[in-house]
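Enquirer: I need the structure of the sequence given here:
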Amino acid sequence: MLKQDLDSLTPTREFSRRDFVATSLGSGFAAAVLPVSAQTVTTDTAGLTAGPVSIPVGGFALPAYRAAPAGKSDLPIVLVISEIFGVHEHIADVARRFAKQGYLAIAPEMFVRQGDAKAYSDIPKLIAEVVSKKGDAETMQDLDATVAWAAANGGNRARLGVTGFCWGGRITWLYTAHNPQVKAGVAWYGRLVGEATPLAPKHPVDVAGSLNGPVLGLYGEKDGGIPLDTVDKMKSALAAGNAAAKQSMFVVYPDAPHAFHADYRPSYRKEAADDGWKRCLVWFRANGVA
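Expert: Next up is the predicted model:
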């Protein structure tokens, strides 16, 4: 190929990291979790409108993956908040699973300003260079903007739920305390306690008493990163809180490790994952989301 032919293929503007993340959103798996398990669940898009969208957050365009029943409006909204690996295929699949149940499910790519979480093969490096630099205040702002976008694009913010995994599980607790419109949350093995830092001034145990909707916590007995005594601390904080806090509850699965819902990883425990999913759907229906 001649040089002028190559030059003609060059984009007229720089292809930014945000562009790359947006175009790959919801496809493939994060490098850190490869190879994926043969038992990985795949949900099709039949009957759905599904794919990447762009959410305005101030002057920033936040990529997100949206899945919803095709041609429907006034849908219940569920925010799907990713693990540290960002919005890869598993998180997109979870969004499609909710869409098959009649929800407008939307998963924002929370780390796009900090880096491409899918590109890292080393988890400690991913945490140090990307995840640890994402502040809670910015996260709340991003999720508020995501709710606003969903409400303007077929969703009903009066029926708002939030769920998240690992990093997203912690954020589920925080966002349920942050947004008065949240009807209910489901937190999958999110960290509950921690030291206060400028980027993370409060943790779930610190906001447990002021939840806007009840949260169902789904945790593993053998989770090495979330000791059961921290679950007990959270239960005590909830018991001393407001009505939504008192209605919150935990299910701790015997012998289940961290990330037991992640069907693409060796940590997957089908029985616990299936039971948790059923409880999640029942929880949202019982608390005014569905």
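Enquirer: can you give me the helices in the stretch 51-200 of the chain?
Expert: Counting by DSSP state H, counting those that start in this stretch, the stretch 51-200 of the chain has helices at residues 89-100, 123-129, 136-152, 167-178.
Enquirer: got JSON lines for these, with distance to residue 275 and mean neighbour count too?
Expert: For every residue, glycine as well, the C-beta is placed using N, CA and C. Listed next are these as JSON lines, based on distance: least, Cβ to Cβ, whole Å; neighbours: other Cβ atoms under 10 Å:
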{"stretch": "helix 89-100", "distance to residue 275": "15", "mean neighbour count": "24"}
{"stretch": "helix 123-129", "distance to residue 275": "27", "mean neighbour count": "14"}
{"stretch": "helix 136-152", "distance to residue 275": "27", "mean neighbour count": "19"}
{"stretch": "helix 167-178", "distance to residue 275": "17", "mean neighbour count": "26"}
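Enquirer: JSON lines for those helices, including mean pLDDT and distance to residue 55?
Expert: Rendered in JSON lines, the data for the helices of the stretch 51-200 of the chain read as follows (pLDDT from 0 to 100; distance: least, Cβ to Cβ, whole Å):
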{"stretch": "helix 89-100", "mean pLDDT": "98", "distance to residue 55": "14"}
{"stretch": "helix 123-129", "mean pLDDT": "97", "distance to residue 55": "23"}
{"stretch": "helix 136-152", "mean pLDDT": "98", "distance to residue 55": "5"}
{"stretch": "helix 167-178", "mean pLDDT": "98", "distance to residue 55": "15"}
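Enquirer: and of these, who's closest to residue 79?
Expert: helix 136-152 (6.1 Å; Cβ to Cβ).
Enquirer: tell me the angle the closest one makes with helix 167-178.
Expert: For helix 136-152 against helix 167-178, the angle by axes from the mean of the first three to the mean of the last three Cα atoms, to 10 degrees is 80 degrees.
Enquirer: thinking again about what came up before, of all the helices of the stretch 51-200 of the chain, which one is nearest residue 52?
Expert: helix 89-100 (9.2 Å).
Enquirer: contact partners for residue 203?
Expert: 170, 174, 191, 192, 193, 194, 196 (Cβ atoms under 8 Å, 6 or more residues apart in numbering).
Enquirer: go ahead and confirm the last one touches residue 202.
Expert: Yes - using Cβ atoms under 8 Å, residue 196 makes contact with residue 202 at a distance of 6.9 Å.
Enquirer: which one's more surrounded, the two?
Expert: More crowded of residue 196 and residue 202, by other Cβ atoms under 10 Å: residue 202, with 13 against 10.
Enquirer: so that one sits against residue 137, correct?
Expert: No - using Cβ under 8 Å, residue 202 makes no contact with residue 137, being 10.5 Å away.
Enquirer: rewinding a little: got a markdown table for the contacts of residue 203, with distance to residue 51 too?
Expert: Formatted as a markdown table, the contacts of residue 203 follow (distance: Cβ to Cβ, whole Å):
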| residue | distance to residue 51 |
| --- | --- |
| 170 | 27 |
| 174 | 28 |
| 191 | 31 |
| 192 | 34 |
| 193 | 37 |
| 194 | 35 |
| 196 | 39 |
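Enquirer: how near is the residue nearest the centre of the chain to residue 178?
Expert: Note on the chain: the residue nearest the mean C-alpha position is residue 81, at 1.0 Å, using Cα atoms, centre = their mean. Separation of residue 81 from residue 178 (Cβ to Cβ, to the nearest Å) stands at 13 Å.
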